[in-house]
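**Student:** A structural model of the following input is requested.
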Amino acid sequence: MTRWERSDPLGASEVAVDSFRAMMAFLRMEERPRFTEDVRESLRDRCATLAAATGQMDAGQRGKGISFDELPFCFINIAVAACILVMSGKLDELEVEE
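**Tutor:** Model prediction:
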């Protein structure tokens with residue numbers, strides 16, 4: 001089965017799915033998650049990686065730049081950091097531009 005025949009839209013491997021489940025199980029713990037500096041830096045770095053990967057011209061095929069095989073992990077890290085941001089209550093503290 002090729003990458004394009006899979007039913008999942010991100011092409012996430014079983015390892016990526018398992019790691020996402022483990023991270024989400026961590027977030028369901030009794031204690032409210034804290035949006036720390038580490039989480040913020042991770043979110044910033046993964047968003048920069050995603051922006052660089054989607055803007056590169058070689059589609060991650062020529063060995064330089066960012067491989068598209070890294071994108072499912074970027075998506076997972078961004079999703080988990082966003083969940084931490086929301087669940088910690090810090091998202092409500094941000095000012096919204098109108």
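
**Student:** right, and the helix or strand after the host helix or strand of Ser42?
**Tutor:** Using DSSP states H and E, Ser42 maps to helix 37-55. For helix 37-55, the succeeding helix or strand toward the C-terminus, using DSSP H and E, is helix 71-88.

**Student:** pull out the buried residues from that next one.
**Tutor:** 71-78, 80-81, 84-85, 88 (16 or more other C-beta atoms under 10 Å). Where you see a C-beta, it was placed from the backbone N, CA and C, and this is true even at glycine.

**Student:** same list (these) but as a markdown table, adding pLDDT and distance to Glu95.
**Tutor:** Listed next are these as a markdown table, based on pLDDT from 0 to 100; distance: C-beta to C-beta, whole Å:
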| residue | pLDDT | distance to Glu95 |
| --- | --- | --- |
| Leu71 | 83 | 31 |
| Pro72 | 82 | 32 |
| Phe73 | 83 | 31 |
| Cys74 | 86 | 27 |
| Phe75 | 88 | 27 |
| Ile76 | 84 | 28 |
| Asn77 | 87 | 25 |
| Ile78 | 90 | 22 |
| Val80 | 85 | 24 |
| Ala81 | 88 | 20 |
| Ile84 | 84 | 20 |
| Leu85 | 88 | 15 |
| Ser88 | 85 | 17 |
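
**Student:** which one of those residues sits closest to Glu41?
**Tutor:** Ala81 (9.6 Å; C-beta to C-beta).
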